[in-house]
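# structure here, sequence nowhere to be found:
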């Protein structure tokens, strides 16, 4: 949307939503047709200039949000979803609301770290355009494995984020896991890699899902050929419950001594916790063990999740 049309859409939205003018009155004031005003208002909604919030008096979301906020110290958005929906449908609903929640948090000059995965792939498809300047989207972890470079899968996600916010995209063309920790150490000394690591160090926002070992809707890292049987056996021996950006943790949030993390290309938990805004998106109550571990590790400042997961999380904490 051009600057002039963007300005017209903003003016029309302000008159319609804030001043309660009719479309006919706006058309007269803007010296245009009623149908043009209708298109301007549609544009304002689609690009995120206007966001609609509905609060039902019968909604249990606010109560769950309050409990989770108190228990875990995070800002929470609970997405109301019918229990009759399957996990794929629930993910789509959560992704849609997550995309609309994330938009207002992204400003110009932002460095936005994005982790690839099934959840963020869904979120990226629902992003609405927002004009920002001098923003950068940087990939948080490599996506290659023995079957694929992972470039297409990860780059599609990064490209959608970049397009939505008019941001420059910086991919991270390394494997998700190196075969040897020494190889990672050597690569991390390369200037081309250090340029990406420097951007990650300066992130203002990190956006990620939670991979969970026992999820009904398999996380991409567990279903996409990234881990072999030996890796999975080692993770089980280390009592791993999940990961964020392919860095693993236990149910208490600890990650020390998990050997696979030495070969992972994702940011360490210490590094991630330095980011001012850390937005975690979770869909599906079967991810509850992974989510609880991520929260125990202090990896998120903001949490967006479906209502069933929110209920499980509150119950989980109450019995832990």
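That came through fine. If you're wondering where the values come from, they're calculated on a predicted model, not measured in any experiment. Numbers count the residues shown, from 1 in each chain.
# what ranges of the stretch 101-250 of the chain fall below the confidence cut-off?
Along the stretch 101-250 of the chain, segments meeting pLDDT under 70 span 146-151, 217-218, 223-224.
# which residue ranges of it form helices?
Remark: helices assigned in the stretch 101-250 of the chain by DSSP state H, counting those that start in this stretch are 118-124, 151-165, 181-187, 191-201, 220-223, 229-237.
# tell me which other helices or strands the second one touches.
Think helix 151-165. Contacts defined by 3 or more Cβ pairs under 8 Å, 6 or more residues apart in numbering; DSSP states H and E place helix 151-165 against strand 111-114, helix 118-124, strand 136-139, strand 168-170. C-beta coordinates here come from the backbone N, C-alpha and C atoms, glycine included.
# go again using 10 Å as the cut-off
For helix 151-165, the elements it packs on are helix 87-102, strand 111-114, helix 118-124, strand 136-139, strand 168-170, judged by 3 or more Cβ pairs under 10 Å, 6 or more residues apart in numbering; DSSP states H and E.
# same question, the last one
Using 3+ Cβ pairs under 10 Å, 6+ apart as the contact definition, the elements that helix 229-237 packs against are helix 220-223, strand 240-244.
# what of the first one?
If contacts are counted by 3+ Cβ pairs under 10 Å, 6+ apart, helix 118-124 sits against helix 87-102, strand 111-114, helix 151-165, strand 205-209, helix 220-223, strand 277-282.
# looking at those, spot the one closest to residue 124.
Comparing the helices and strands packed on helix 118-124 against residue 124 with Cβ to Cβ, the closest turns out to be helix 151-165 (3.8 Å).
# buried residues in the closest one?
Using 16 or more other Cβ atoms under 10 Å as the test for burial, helix 151-165 gives 153, 154, 155, 157, 158, 160, 161, 162, 164, 165.
# run the chain-centre distance for it.
Using Cα atoms, centre = their mean, to the nearest Å, the distance from the centre of helix 151-165 to the centre of the chain it belongs to is 13 Å.
# what's the most buried one of the helices and strands packed on helix 151-165?
strand 111-114 (a mean of 26; mean count of other Cβ atoms under 10 Å).
# I'd like the distance from that one to the chain centre, please.
10 Å.
# counting by contacts, list what that strand packs against.
Applying 3+ Cβ pairs under 10 Å, 6+ apart, one finds that strand 111-114 makes contact with helix 118-124, strand 136-139, helix 151-165, strand 168-170, helix 191-201, strand 205-209, strand 277-282.
# in TSV: these, plus distance to residue 299.
Below are the helices and strands packed on strand 111-114 laid out as TSV (distance: least, Cβ to Cβ, whole Å):
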stretch	distance to residue 299
helix 118-124	14
strand 136-139	17
helix 151-165	19
strand 168-170	22
helix 191-201	15
strand 205-209	8
strand 277-282	6
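# which one of those lies closest to residue 101?
Among these, strand 277-282 sits nearest to residue 101 (Cβ to Cβ), with 8.0 Å.
# give me the helices and strands touching that closest one, please.
With contacts defined as 3+ Cβ pairs under 10 Å, 6+ apart, strand 277-282 has these neighbours: strand 75-79, helix 87-102, strand 111-114, helix 118-124, strand 205-209, helix 288-296, strand 302-306, helix 307-318.
# between strand 205-209 and that strand, find me the angle.
Going by axes from the mean of the first three to the mean of the last three Cα atoms, to 10 degrees, strand 277-282 is angled at 10 degrees with respect to strand 205-209.
# I'd like to check the angle between strand 277-282 and strand 75-79, please.
30 degrees.
# for the helices and strands packed on helix 151-165, which one sits closest to residue 248?
Between these, helix 118-124 lies closest to residue 248; by Cβ to Cβ that is 16.8 Å.
# quick check: which of the helices and strands packed on strand 277-282 is nearest to residue 226?
Proximity to residue 226 (Cβ to Cβ) singles out helix 118-124 among the helices and strands packed on strand 277-282, at 12.7 Å.
# quick one: distance of the closest one to the chain centre.
So, by Cα atoms, centre = their mean, the centroid of helix 118-124 is 7 Å from its chain's centroid.
# repeat for stretch 262-277
On Cα atoms, centre = their mean, the centre of stretch 262-277 falls 15 Å from the chain's centre.
# distance between the ends of that stretch?
Distance between the two ends of stretch 262-277: 25 Å, counting by Cα to Cα, to the nearest Å.
# SS state for the closest residue in space to residue 306 that isn't next to it in sequence?
Once flanking residues are discounted, residue 306 sits nearest to residue 81: 4.6 Å by Cβ to Cβ, 6 or more residues apart in numbering. Secondary structure state of residue 81, per DSSP: H, G, I helix; E, B strand; the rest coil, is coil.
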